[in-house]
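# turn this into a structure:
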Amino acid sequence: MSHSFKAGDFTELADNYSLSRPDYSISVLRALVGLLGLPTSEIDFIDVGAGTGIWTRMVHALGVNTAKAVEPNQNMRKNGIADSLGTSIEWLPGSAEAIPVQSGTAHWLTMASSFHWADFVAATKEFHRVLRPGGMFTALWNPRLVEVNPMLVEIEDRLGELKPNIKRVSSGRSGITTCLTDKLEDSDLFEDVVYIEGRHVINFSPERYLQAWRSVNDLRVQLGEDRFNQFMDFVERRIEREPYIEATYLTRAWSARRK
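Alright, predicted model coming up:
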């Protein structure tokens, strides 16, 4: 079946996203919680652009007081709710620019691998409204360090052959991340900007690795379905004899305190 993918629309990708996307660095998570300066059990937490809730559930598992997941896409939200059964996470429709909660609701508001889709000015204004005085906003991403594994370099090179100068808007090592410290420092709404990063390794089964590629929105939009299918055929052939695929991830997190 042929699909026409739109930038930022994960409707057709939700199942693969839910099954395949990697966790974030637990060490970075613990460091971020430490910046809040509150007992974990007292933290009211909101994750915006929560996707299927990978990051939301990691924070919830630490034992925060409340956890809300805000996600605009119905399919992503549906998968997130299913994956969060047995937890107290509350799922809500909404976006970075329109969060359906009262003002002064959260000690901590995050966007994990999603802030690049938001309107910076409108979103930070909304975060300021939702956070309590002194509360913290964190934007984080979880890019792969492709260069540490020659096989992954070969796979990425194939992308360049299929579409030269391809732009990876959600890679976490380009786009808004190149200037995010300055943008937050220049904001009239936030201060005390802190950057934290940490590496962790995940061993993917071949099936999960292929699902992870199928969940990438910006890649499918730029390649189009024919070239994307060519790419996936190449990846499948390249990894078919591998028992697992070792991928190193770099969790990168920018935090700022509400003025």
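# remind me which residues of this protein are low pLDDT?
Residue ranges of the chain with pLDDT under 70: 1-21, 168-171, 217.
# mind redoing it with 80?
1-22, 167-171, 174, 215-218 (pLDDT under 80).
# what residue lies at the spatial centre of it?
By Cα atoms, centre = their mean, the mean C-alpha position of the chain lies nearest to residue 113, the distance being 2.1 Å.
# what sits against that residue?
Counting by Cβ atoms under 8 Å, 6 or more residues apart in numbering, residue 113 touches 49, 51, 55, 140, 141, 142, 170, 172. The way it works is simple: take the backbone N, C-alpha and C, and place the C-beta from them, glycine included.
# just the closest of those residues to residue 96, please.
Comparing these against residue 96 with Cβ to Cβ picks out residue 49 as the nearest, at 6.0 Å.
# which of the residues in stretch 198-209 are buried?
By 16 or more other Cβ atoms under 10 Å, the buried positions in stretch 198-209 come out as 198, 200, 202, 204, 206, 208, 209.
# how far does it sit from the chain's center?
Relative to the centre of its chain, stretch 198-209 is centred 16 Å away, using Cα atoms, centre = their mean, to the nearest Å.
# repeat for stretch 111-121
Taking Cα atoms, centre = their mean, one finds stretch 111-121 lying 9 Å from the centre of the chain it belongs to.
# check contacts around residue 239.
With the criterion set at Cβ under 8 Å, 6+ apart, residue 239 makes contact with 151, 206, 209, 210, 245.
# how about the helices in the stretch 1-150 of the chain?
Applying DSSP state H, counting those that start in this stretch to the stretch 1-150 of the chain gives helices spanning 14-20, 26-36, 54-61, 74-83, 120-130, 150-162.
# and the stretch 151-259 of the chain, by the same measure?
Assigned by DSSP H, counting those that start in this stretch, the stretch 151-259 of the chain shows helices spanning 180-185, 206-214, 217-239.
# touching, residue 129 and residue 102? I think so.
No: assessed by Cβ atoms under 8 Å, residue 129 is found out of contact with residue 102, at 9.2 Å.
# before we move on, back to that, neighbour count added to the contacts of residue 113, as JSON lines?
JSON lines is the format used below for these (neighbours: other Cβ atoms under 10 Å):
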{"residue": "49", "neighbour count": "26"}
{"residue": "51", "neighbour count": "25"}
{"residue": "55", "neighbour count": "26"}
{"residue": "140", "neighbour count": "25"}
{"residue": "141", "neighbour count": "27"}
{"residue": "142", "neighbour count": "22"}
{"residue": "170", "neighbour count": "20"}
{"residue": "172", "neighbour count": "20"}
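# in strands, which of those residues fall?
Counted as lying in strands by DSSP state E, out of the contacts of residue 113, are 140, 141.
# so which of the contacts of residue 113 comes closest to residue 76?
residue 51 (5.3 Å).
# wait, that closest one sits on residue 70?
No: if you go by Cβ under 8 Å, residue 51 and residue 70 don't touch, sitting 10.5 Å apart.
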